[in-house]
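Novice: Build the 3D model from these lines:
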Amino acid sequence: MALQISATDPEHPALLLELPWDVPLEDWPEEYLVPLPRGISRHVVRYSRAGDEVIAVKELAERPALREYDMLRDLDRLGIPSVDPLAVVTGRTDASGAPLESVLITRHLGGSMPYRSMFETTMRPATMHRLMDALAVLLVRLHLAGFAWGDCSLSNTLFRRDAGAFAAYLVDAETGDLHPQLSSGQRDYDLDLARVNISGELLDLEASGALHPSVDPIEFGTEICARYRGLWEELTRASVYPAGKYHYIERRIRRLNDLGFDVAEMQIEHASNGDTVSFVPKVVDAGHHQRQLLRLTGLDAEENQARRLLNDLESWMATQDDYTPGAPAPSSRLRSNRGNLHGTRPEVLAHRWVREVFRPTVRAVPLELRGAMDPAEIYHQLLEHRWYLSERAQHDIGLDAVVEDYIRNILPMARQTLQPTAE
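Specialist: You can find the predicted model right below:
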């Protein structure tokens, strides 16, 4: 069988042909490899380059490789945080003509870390709680989209920094199935697997001495269940309100927005006696603040990063002469679809903020010092440092001074714990 490359981008096959497909993946020469931290996998996985891109190459049988490739493409169309599928290579043979396993190729997620790399220095329990939050949000998003993971674990997840929290991305979709809607039994099965897998992974870390002594692996494994159930209940429960109290529905929608979710479709029913109204959010989409920031500024960020940048944008708008005091905040403008009727449109002010504040501030941090941080995370870190310096000085500190102090005093220490990006 001849070598075949099925790719999502017409440019990738030509770039991929330069890689040594006639050599088993575990024997690839160092010249083709990119030294990035890898998580535990049942398959051989290596990082390499295809042109300017860093790619992850996973060796597995042809049928599961093609199936996972299609599944990752479906998740991408649904907007689920997962690695981007680039290609599947089949028909591999070695120099003697003996068959080799197919490979699945995905794009390396810049700035991401497997959980084991994060535990190279003992992780504090508070940070572990944030990891559980991120994984719970990912699992809820998958289930809302009708995806039964079948192997939820820390090993099958990558984490990126997200303004003091983490964002979780699915890495392995080999065992997953997509359905129009999941039953309670399917969701509970995924949740029970997550509990067992996470407890086992933490027990393994405990045995190696990499787990904080105050952390109970079994308790933390169970924590994912509680966090998942709390979020699922908030996103899907039916609410009953007194008739005429429609602002209660708006309050519920705003609470969901604060959690990072938009209500794309809802069901509202009046009781037969007219005394109450039932409200059920039927379709809930994640990325509320991400979409707001993207619409206003064109910046693409993680959810918590977007929330932080929107807050800074709103504060900056209030200092501008062409901003109308008392006008709706950026989030309110987007929700109500009303602009600043007496001043400059918010989109114009937002792009001015990007041009005059955000970009110059980020560019002031030398590229070689940024490590794995993307621009939105850098800006968040600078805002955090500005708050700290202003509190210490008891007056506002300008961004220029903040950047200078951050580069001199914070980045040298931060770089010791940041994983280098290969992009």
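
Novice: Spell out which residues sit in contact with Asp405, please.
Specialist: Under the criterion of Cβ atoms under 8 Å, 6 or more residues apart in numbering, the contact list for Asp405 reads His385, Leu389. C-betas here are computed from N, CA, C, even on glycine.

Novice: Can I get the host helix or strand of it in PDB? Just the C-alpha atoms.
Specialist: Assigned by DSSP states H and E, Asp405 falls within helix 399-405. Coordinates of each C-alpha in helix 399-405 appear next as PDB, following Å, rounded to 0.1, in the frame of the first residue of the first chain:
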ATOM      1  CA  LEU A 399       1.900  51.000  32.900                       C
ATOM      2  CA  ASP A 400       5.300  52.100  31.700                       C
ATOM      3  CA  ALA A 401       6.800  51.900  35.200                       C
ATOM      4  CA  VAL A 402       4.900  48.600  35.800                       C
ATOM      5  CA  VAL A 403       6.500  47.000  32.600                       C
ATOM      6  CA  GLU A 404       9.900  48.100  33.700                       C
ATOM      7  CA  ASP A 405       9.600  46.700  37.200                       C
END
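
Novice: Residue numbering should commence at 283 henceforth.
Specialist: Sure thing, new numbering starts at 283, so read that last one as helix 681-687.

Novice: and it, which residues are buried?
Specialist: Within helix 681-687, the residues scored as buried using 16 or more other Cβ atoms under 10 Å are Leu681, Val684, Val685, Asp687.

Novice: can you pull the pLDDT of the last one?
Specialist: Residue-level confidence at Asp687 comes out at 90, pLDDT.

Novice: same question, the first one
Specialist: Taken from the predicted model, the pLDDT recorded for Leu681 is 89.

Novice: which residues does the residue nearest to it when sequence neighbours are not counted contact?
Specialist: Leaving aside its chain neighbours, Leu681 sits nearest to Thr643 (5.4 Å; criterion: Cβ to Cβ, 6 or more residues apart in numbering). Thr643 is in contact with Tyr661, Leu664, Leu681, Val685, counting by Cβ under 8 Å, 6+ apart.

Novice: How much space separates Thr643 from Ala600?
Specialist: 18 Å (Cβ to Cβ, to the nearest Å).

Novice: try Tyr351
Specialist: For Tyr351, the distance to Ala600 equals 48 Å [Cβ to Cβ].

Novice: any idea of the pLDDT on the residue nearest to Leu681?
Specialist: At Thr643, the model reports a pLDDT of 92.

Novice: Next, it: secondary structure please.
Specialist: What DSSP: H, G, I helix; E, B strand; the rest coil gives for Thr643 is helix.

Novice: what do you get for Pro317?
Specialist: Per three-state DSSP, Pro317 ends up coil.
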